[in-house]
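Q: Provided below are the primary sequence and the corresponding predicted coordinates.
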Amino acid sequence: MLTTARMGAAALAAALLTGAAAVPALADTPTPTPTPAAAPAALYGKGDPTYDGVWRQSLALTALGSVKVVPSDAAVVWLTGQQCADGGWAPFRSDPSVACDPKAEDSNATAMAIQALQQLGGHRDEVTRGSDWLKAVQNADGSWPLNPGTPGDANSTGLAVNALLAANIDPAAVTKNGKNAYDGLALFQLGCAAPVEQRGAFAYQPAPDGTLKANDLAGSQALLAAAGGKLPVTNTNRVDSPPKPLDCATATATVPHADSAEAAGSYLAAELDANGQHLMQTMPGAAATPDYTATAWTVLGLVQSGRPATAAPAAEWLAGNGHDWAAKGKSGTDASAAALMLLTAEAVQLDPYHFGGTNTVQLLIDAGPAPKSVPAAASAAATDAQNDSGAARADDDNGISPVWLVGIGLLVGIGGGLLLSLQRKRAGRPAGGPNKTDGGKSEGDEQK
């Protein structure tokens, strides 16, 4: 049975994803705040792992594996040791010798662990048992819930699809009551009955009256699944045109799977454009703030959809603004955020060692146990300057992206060239004439 603390966390998450104005009270009297758990030495990140230990460990291992960093044995053993006897994973088990509560096992943690272990290789048994657990807890409508026996949601269903794909299992063949995984995902996508500007979006869950409300975090994670993707994203296919909005000339009750990724990508691309190439998050009772997590997942989904050009401006925004999000959490480096930064850089084929000035690889390495080995590129990049928090960053540009820095450099160079030209004219020298002090090179050559 779920503890009151976990029920509170689930209620808060549901409120955020559904856009509720406030979190409903769970009891008439205040519930004591649980004592934070200490992060084990083998875990990435130093914060309380109670609700995200397996999630962040799996993301970190997946991200580091994408750049050929071989993790410590302890980090991998910790993750495999968290698996429950029935094949699922709970968010965190402080004492793995204590049997798991089946109702508290977590499909999100399980899906992420499957992807990490599949990429590491050599863990066929753990991956198979985890995949079998996902199949067993699939809801009758084809969707997946966060915890077994509860209603499904778009995020959990999308992550389950990612995991099945990673395990080389066709989601269309994973069925419950005649409904497959893609049927379950379709339950949360807004179709032609929705306002034009919301078509293609995903809701977290239906409202009590059955209506769907667009939720960008739900949509960003569902997009990768709809596009047939998993972590890490390595798709190199390219479609030159932007994703197409939903065609409602021949409306259907739900968005067909064949059109799902296009429609979701079109909606999210419009949201990125409307918000300066990032998505926004609205916390209950607070002003909207940039949603780094949803932005990163959207980039991954767009690249998987073959739209790297559409994803590039959002990746650039994340590169220029994501350092503090990843490196300066309450407990230091946020391993999940750093991993998403690294995965984003890899997906759009930018240098993860210099992603907007941040060495995302070293940042993540420093957040966990020392790896067994790192590639030569990581060893060389490890000598980059460190910022004030100790997080690896090549330069502290206060969020100014490399593109802007290059532009500023060009402007400075042009300005310097004009000034030098004026000085030479005053001295009676032709502005385009040879400079005898540099082997006869002209100023035009210097500008190049």
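A: Nice, thanks for sending it over. Residues are numbered from 1 along each chain as shown.

Q: My guess is residue 58 contacts residue 112. True?
A: Yes. Here residue 58 reaches residue 112: they are 3.8 Å apart, a contact under Cβ atoms under 8 Å. C-beta here means a position set from N, CA and C on the backbone, and glycine is covered the same way.

Q: List phi and psi for residue 119.
A: phi -70, psi -40 (degrees, to the nearest 10).

Q: got the CA coordinates for the strand or helix carrying residue 293 in CSV?
A: Using DSSP states H and E, residue 293 maps to helix 292-304. Provided in CSV are the C-alpha atoms of helix 292-304 (Å, rounded to 0.1, in the frame of the first residue of the first chain):
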residue,chain,number,x,y,z
TYR,A,292,14.0,22.6,-19.1
THR,A,293,12.9,19.0,-18.8
ALA,A,294,10.0,19.3,-21.2
THR,A,295,12.3,21.3,-23.6
ALA,A,296,14.9,18.6,-23.6
TRP,A,297,12.5,15.7,-24.2
THR,A,298,10.9,17.7,-27.0
VAL,A,299,14.3,18.0,-28.7
LEU,A,300,14.8,14.3,-28.4
GLY,A,301,11.4,13.6,-29.8
LEU,A,302,11.8,16.0,-32.7
VAL,A,303,15.2,14.5,-33.6
GLN,A,304,13.7,11.0,-33.5
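
Q: What average pLDDT does that helix get?
A: Helix 292-304 shows a mean pLDDT of 98.

Q: quick one: secondary structure of the residue nearest to residue 202 when sequence neighbours are not counted?
A: Leaving out its chain neighbours, the residue that sits closest to residue 202 by Cβ to Cβ, 6 or more residues apart in numbering is residue 219, at 3.9 Å. Judged by DSSP: H, G, I helix; E, B strand; the rest coil, the three-state class of residue 219 is helix.

Q: so residue 219 makes contact with residue 267?
A: Yes. Look at residue 219 against residue 267 with Cβ under 8 Å: they come within range, at 6.7 Å.

Q: for residue 92, helix, strand, or coil?
A: With three-state DSSP as the criterion, residue 92 reads coil.

Q: for the stretch 301-448 of the chain, what spans make up the helices?
A: Counting by DSSP state H, counting those that start in this stretch, the stretch 301-448 of the chain has helices at residues 308-321, 323-327, 335-347, 360-365, 376-381, 402-426, 443-447.

Q: swap that for the stretch 51-200 of the chain, please
A: For the stretch 51-200 of the chain, helices defined by DSSP H, counting those that start in this stretch occupy the ranges 53-66, 73-81, 107-120, 124-137, 154-166, 181-186.

Q: So which of those is nearest residue 95?
A: helix 73-81 (10.7 Å; Cβ to Cβ).

Q: Could you list every helix and strand in contact with the closest one?
A: Other helices and strands packing on helix 73-81, by 3 or more Cβ pairs under 8 Å, 6 or more residues apart in numbering; DSSP states H and E, are helix 53-66, helix 107-120.

Q: tell me the angle of it relative to helix 53-66?
A: 130 degrees (axes from the mean of the first three to the mean of the last three Cα atoms, to 10 degrees).

Q: Return the set of buried residues in helix 73-81.
A: Residues 74, 75, 76, 78, 79, 80 are the ones in helix 73-81 that count as buried (16 or more other Cβ atoms under 10 Å).
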